[in-house]
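> just need the structure, nothing else, for what follows:
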Amino acid sequence: MNPYFQKRGTFAQNGNMTKALVVIPTYNEIGNIENLLNAIFSLPQNFDVLVVDDNSPDLTAMKVKELIPNFANRLFIEEREGKLGLGTAYIHGFKWALERDYDLIFEMDADFSHDPSDLPRLFDACSQNGYDVAIGSRYKTGVNVVNWPISRVLLSLGASKYVRLVTGMRIYDTTAGFVCYKRKVLEAINLDKIQFVGYAFQIEMKYKAYLSKFKIIEIPVVFTDRRVGDSKMSSGIISEAIFGVISMRIKKMFKKLEI
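Next up, the predicted model:
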């Protein structure tokens, strides 16, 4: 008998119901979003999905709303007025999830760089194996990245090593954006005090979970670069990550880092 009971993003394991939500920020993802949602909703386990769209000019939000009747009570959308940043989109989604009693909250990209079939592995790490944070890691077992130019691989890998050195975190993929959080982690972190919006957001969330002594595990995954749409990478995002890490470490040293 399948151990998962399929009903509105809930899982029945050992007699307990677990509600799971995947938060997906979007900006101009019309070429990916329908296929991604179909892939998630085709999994043998049920995940609810919240799309947080930043007023995409390509009408991504309209496409999502067209699909909502196909996935009643499982697909939701929150529309924002403009492009406000990845970090604030996730914070918006996290707060939405906490207001609706979800037990596990996932974050993932809309461009298929994160394989939907890996969602159950992150789920199991937190729901069955006792971890509070599960990271879909590109670097836990080497470099598992497909279709990136070597310059970007070196930049990303170097950034993660730099973060490990500065913060002391024993995490190989500190900038990963494919993550599962237990509810209690997001409740423990003051989401209104999250400072960064780009890659530094990913680092800040992991650092504050680490400082709060939550159990963190990295699950090896294969990251595949987007084939449709444009990358959101910019020099500003890179600068924020470089200087943001130093800023957090200094605040931690002087006990001024708010968690």
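> since we're on T18, how many residues are nearby?
For T18, the neighbour count with other CB atoms under 10 Å is 22. From N, CA and C alone the C-beta is placed, and that goes for glycine too.
> so which strand or helix has it?
strand 16-26 (DSSP states H and E).
> kindly export that strand (C-alpha atoms) in PDB.
The C-alpha trace of strand 16-26 is given here as PDB (Å, rounded to 0.1, in the frame of the first residue of the first chain):
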ATOM      1  CA  ASN A  16       0.500  11.500  10.800                       C
ATOM      2  CA  MET A  17      -0.700  14.100   8.200                       C
ATOM      3  CA  THR A  18       2.000  16.300   6.700                       C
ATOM      4  CA  LYS A  19       1.100  19.300   4.600                       C
ATOM      5  CA  ALA A  20       3.700  20.300   2.000                       C
ATOM      6  CA  LEU A  21       3.900  23.400  -0.100                       C
ATOM      7  CA  VAL A  22       6.300  24.300  -2.900                       C
ATOM      8  CA  VAL A  23       6.900  28.100  -3.300                       C
ATOM      9  CA  ILE A  24       7.900  29.100  -6.900                       C
ATOM     10  CA  PRO A  25       8.800  32.700  -7.600                       C
ATOM     11  CA  THR A  26       8.300  33.700 -11.300                       C
END
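> report the buried residues of it.
Judged by neighbour count using 16 or more other CB atoms under 10 Å, the buried positions of strand 16-26 are T18, K19, A20, L21, V22, V23, I24, P25, T26.
> go through stretch 80-88 and flag the buried ones.
Buried, per 16+ other CB under 10 Å, within stretch 80-88: R80, L84, G85, L86, G87, T88.
> and F223, what is it in contact with?
By CB atoms under 8 Å, 6 or more residues apart in numbering, the residues touching F223 are S113, H114, G136, R138, N144, V145, V146, F178.
> who wins for neighbours among the residues you listed?
In those, the most neighbours by other CB under 10 Å go to G136, 29 neighbours.
> thanks a lot, catch you later.
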